[in-house]
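>>> how does the following fold in three dimensions:
(2 chains)
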Amino acid sequence: MIDLSIKIGHLNMKNPVMTASGTFGYGEEYRDFLDLGRLGGIVVKAVTGNNRDGNAYPRMAETPSGMLNSVGLQNKGVDYFVKEIYPLIKDFDTNVIVNISGSTIEEYVAVAEKINELENIPAIELNISCPNVKQGGMAFGTISSTATEVTAAVRKVYKKDLIVKLSPNVTSIQEMAKAVVDGGADIISLINTLLGMAIDADKRRPVLSTVTGGLSGPAIKPVALRMVWQVSKAVKVPVIGMGGIMNATDAIEFILAGASAVQVGTANFIDPGVTMKIVEGIEAWCGLHKVGSVKELVGGLIS
Amino acid sequence: MSGKKILHDLVVLKNEHLNKWHFILELQAPELLPQFLPGQFVQVLVKDSPSTFLRRPFSIHGFDPVKNTIRLLIQIKGEGTSHLSLLREGDKLNVMYPLGNSFTLPSGKNVLLVGGGCGVAPLLFLARWLKEQDVKVTILTGWKRKEDIFEKDVYLQCGEVLVTTENGSEGEMGMVTSHTIFKSDRTFDRIYCCGPDRMMKAVAHMAKRKGIDCEVSLENTMACGFGVCLCCITPTNHGNQRVCMEGPVFSTKELGW
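Here you go, the predicted model:
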């Protein structure tokens, strides 16, 4: 019997496989394809203080081994989330984590306070790394002093596990990791999307309405692995790794690099049942390599 | 709306090349297919094509519940569709379905279907469905030249067929939007349209002027096809809507066209 369970912060997870914010809706849309109860956790789409319509179409460009998006945090705001969405998802048999974002520190704090009241949400993921909004988002995650400040402000009002999701669009990811740990982060997740751009040569125009967008998919996996490895050595808090995970081997690589859990994002679009295959694949890999518990693998890179 | 969504490996029964750029894949399912409606689409996984990362959405061109098959009309545009054009009988294709909403029945019994380019894809299924409901169907399609025209005989089984070609080699010369039917006093209970946005907008505009109800099928680029990525949105009079879930079929009133 292989033990896939893992504990990060106060989160008890059946296995290390989670879904990444913005790729999993509120979980409901996946019920046709998988059993949510078999996931370690799900991170639901970013919630902000007020309704956001998001960016104009086109919001997506397919790129080699990946895609760019510029959705821009489209959501109906935290009050709508609490009233309409929470009742639908609160009894999922998995850790339901809410990704929160804002344009100002006050907005982050206001959202965090409201989510703190929700009994069945064991953690929030602070999104200081969205590249697709004009104000806030990534701006909070690329200057270390600001990252500390927003994390500390949310820490004051948020009593459960505080995950901070880092942006890869920085010079030193270790410095950013230390900055959010200084602010009181319990867990770090990384990486958000890499800032990129696509051009339609025939039209001589950018593909995305916002010109630039966030790159995801296997194209970013090597960058993500490097950053997870660097951060897991730089800080003591647990790390959740993500960036281009398509299968169980990818997930194992992140765990070896130092991640205690992983999030699967873009792969869900192509195969909405992929997380189940990843859970089964990790178990099979452990069996093949005579690993009794997935915990033994965390940071188990031989170098 | 759609029933339960599933992923299945469908078997290629036939790959029929219509001309240099268009082909039809006839796919058979191992299990009973859902009762598809015209306007719905599927997401196809293109394997072994390195530059094709996401699934490819195709509207359902034909549905045969007896044979348990669907037909997809595909235009060769890039590496993904080129790859699909090479599939052979017996090959398997991973397909997600059923996706999207569908065209609705008109208030009256006399309708016009307008298709441009590969935009004819959902219109054959629609024409057959309307005919079954005793709706009189007129089908107008636009082509570059006579040699490009395909499946005219099957459209003729559904109703009157009108054609435009850019060089005038068959039917009226010009674009589909310049056909004299739009200038005539013929009226319809509804116009259904699918094709490039600019063409659909022009048709919608003419329909509006004549006071005719109009439904269009949008082809916004999408990543997932089942409502989570929020990439395919279109603005409507009740906010941003997902083309893959609330669409692909919209009334042009909703779109403000």
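>>> hey, let's count contacts and neighbours off CA atoms from now on
OK.
>>> could you pick out the longest strand of chain B?
For chain B, the strand reaching the highest residue count under DSSP state E is reported as strand B:6-17.
>>> for stretch B:174-191, the distance to its chain's centre please.
Its chain's average C-alpha position is 19 Å from that of stretch B:174-191, according to C-alpha atoms, centre = their mean, to the nearest Å.
>>> before we move on, the earlier item: for the longest strand of chain B, which outside residues touch it?
With C-alpha atoms under 8 Å, 6 or more residues apart in numbering or on different chains as the test, strand B:6-17 has contacts from A:32-33, B:23-30, B:85, B:87-98.
>>> do you know how far the residue in the stretch 101-250 of chain A positioned nearest to chain B is from residue A:268?
The minimum distance from the stretch 101-250 of chain A to chain B, using C-alpha to the nearest C-alpha, falls at residue A:217 (8.8 Å). Summarising the geometry, the distance separating residue A:217 from residue A:268, computed by C-alpha to C-alpha, to the nearest Å, is 10 Å.
>>> re earlier: run a quick neighbour tally on the residue of the stretch 101-250 of chain A closest to chain B.
24 (other C-alpha atoms under 10 Å in any protein chain shown).
>>> same question for residue A:200.
By other C-alpha under 10 Å, 11 other residues sit near residue A:200.
>>> swap in residue A:167?
For residue A:167, the tally of surrounding residues (other C-alpha under 10 Å) stands at 27.
>>> where does it land in three-state SS?
Of the three states, residue A:167 takes coil according to DSSP: H, G, I helix; E, B strand; the rest coil.
>>> please name the nearest non-neighbouring residue to it.
Spatial nearest neighbour of residue A:167, chain neighbours left out: residue A:129 (4.5 Å); criterion: C-alpha to C-alpha, 6 or more residues apart in numbering or on different chains.
>>> so what's the one you found scoring on pLDDT?
According to the model's per-residue confidence, residue A:129 sits at a pLDDT of 81.
>>> and if you look at residue A:136?
The model reports residue A:136 with a pLDDT of 64.
>>> over to the one 5 residues further on?
The confidence metric pLDDT takes the value 86 at residue A:141.
>>> filter the contacts of strand B:6-17 to the buried ones?
A:33, B:23-29, B:85, B:92-98 (16 or more other C-alpha atoms under 10 Å in any protein chain shown).
>>> take those residues and keep only those in helices.
Among the buried ones among the contacts of strand B:6-17, the ones falling in helices (DSSP state H) are residue B:85.
>>> run the contact check for stretch A:24-35 versus chain B.
Yes: using C-alpha under 8 Å from any C-alpha of the partner chain, stretch A:24-35 reaches chain B at A:24, A:25, A:29, A:32, A:33.
>>> excluding chain neighbours, what is closest to the first one?
Take residue A:24 and drop its neighbours on the chain: the residue closest to it by C-alpha to C-alpha, 6+ apart is residue B:228, 5.9 Å away.
>>> cool, and the second one?
By the measure of C-alpha to C-alpha, 6+ apart, the closest residue to residue A:25 outside its immediate chain neighbours is residue B:228, 4.8 Å from it.
>>> tell me the residues of chain B that contact chain A?
B:4-6, B:45, B:50-55, B:220-234, B:239-240.
>>> which stretches of the stretch 1-150 of chain A form strands?
A:6-8, A:11-13, A:17-19, A:41-47, A:60-63, A:66-69, A:95-100, A:123-127 (DSSP state E, counting those that start in this stretch).
>>> average pLDDT for the host helix or strand of residue A:164?
Secondary structure from DSSP states H and E places residue A:164 in strand A:161-165. Strand A:161-165 shows an average pLDDT of 98 in the prediction.
>>> tilt between it and strand A:95-100?
Relative orientation of strand A:161-165 with respect to strand A:95-100: 50 degrees, computed using axes from the mean of the first three to the mean of the last three C-alpha atoms, to 10 degrees.
>>> who does strand A:161-165 pair up with?
In the sheet containing strand A:161-165, its partner strands are strand A:123-127 (parallel), strand A:187-190 (parallel), by DSSP bridges.
>>> so, low pLDDT: which residues of the chain?
Since no chain was named, I'll use chain A. In the predicted model of chain A, residues A:132, A:134-137 satisfy pLDDT under 70.
>>> looking at chain B here, not the other one
Under the criterion pLDDT under 70, the flagged ranges of chain B are B:1-2.
>>> residue boundaries of the helices in it?
For chain B, applying DSSP H gives helices covering B:79-85, B:121-132, B:152-156, B:197-210, B:252-255.
>>> now the last one - C-alpha only, CSV.
What it means is helix B:252-255. Only the C-alpha atoms of helix B:252-255 are listed here, as CSV (Å, rounded to 0.1, in the frame of the first residue of the first chain):
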residue,chain,number,x,y,z
THR,B,252,-28.0,38.8,-33.0
LYS,B,253,-30.2,40.9,-30.7
GLU,B,254,-28.3,39.5,-27.7
LEU,B,255,-25.0,40.4,-29.4
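>>> how many neighbours does residue B:237 have?
10.
>>> distance check, it against residue B:207.
Distance from residue B:237 to residue B:207, counting by C-alpha to C-alpha: 18 Å.
>>> show me where chain A has helices.
Listed in chain order (using DSSP H), the helices of chain A are A:78-80, A:86-89, A:105-116, A:138-141, A:144-157, A:173-183, A:221-234, A:248-257, A:267-270, A:274-288.
>>> give me whichever of those is most buried.
Counting by mean count of other C-alpha atoms under 10 Å in any protein chain shown, helix A:138-141 has the highest mean neighbour count of these, with a mean of 25.
>>> how about the residue nearest to the spatial centre of chain B, what does it touch?
Centroid check for chain B by C-alpha atoms, centre = their mean gives residue B:122 as the closest residue, at 2.5 Å. Going by C-alpha under 8 Å, 6+ apart, residue B:122 touches B:38, B:39, B:59, B:60, B:61, B:62, B:194.
>>> the residues you listed: which two are farthest apart?
Using C-alpha to C-alpha, the contacts of residue B:122 reach their maximum pairwise distance at B:62 and B:194, which is 15.5 Å.
>>> of these two, who's got more company?
In this view residue B:62 and residue B:194 are compared by other C-alpha under 10 Å, and residue B:194 has more residues nearby, 27 against 23.
>>> if you skip the residues just before and after it, what's nearest to the more buried one?
Once its chain neighbours are removed from consideration, residue B:194 has its nearest residue in residue B:119; the separation is 4.7 Å (C-alpha to C-alpha, 6+ apart).
>>> quick check: phi and psi at residue B:221.
Its backbone dihedrals place residue B:221 at phi -70, psi 140, with angles given as degrees, to the nearest 10.
>>> that one contacts residue A:62, doesn't it?
No: under the contact definition of C-alpha atoms under 8 Å, residue B:221 does not touch residue A:62, with a separation of 9.3 Å.
>>> contacts only, for residue A:96.
For residue A:96, the residues meeting the contact criterion (C-alpha under 8 Å, 6+ apart) are A:41, A:42, A:43, A:44, A:89, A:90, A:120, A:121, A:122, A:123.
>>> over to the residue of chain B found nearest chain A: give its phi and psi.
Closest to chain A within chain B is residue B:224: 4.3 Å, counting by C-alpha to the nearest C-alpha. Phi and psi for residue B:224, reported as degrees, to the nearest 10, are phi -100, psi -50.
>>> I'd assumed residue B:42 was in contact with it.
No: the pair residue B:224 / residue B:42 is not scored as a contact, 10.9 Å apart, by C-alpha under 8 Å.
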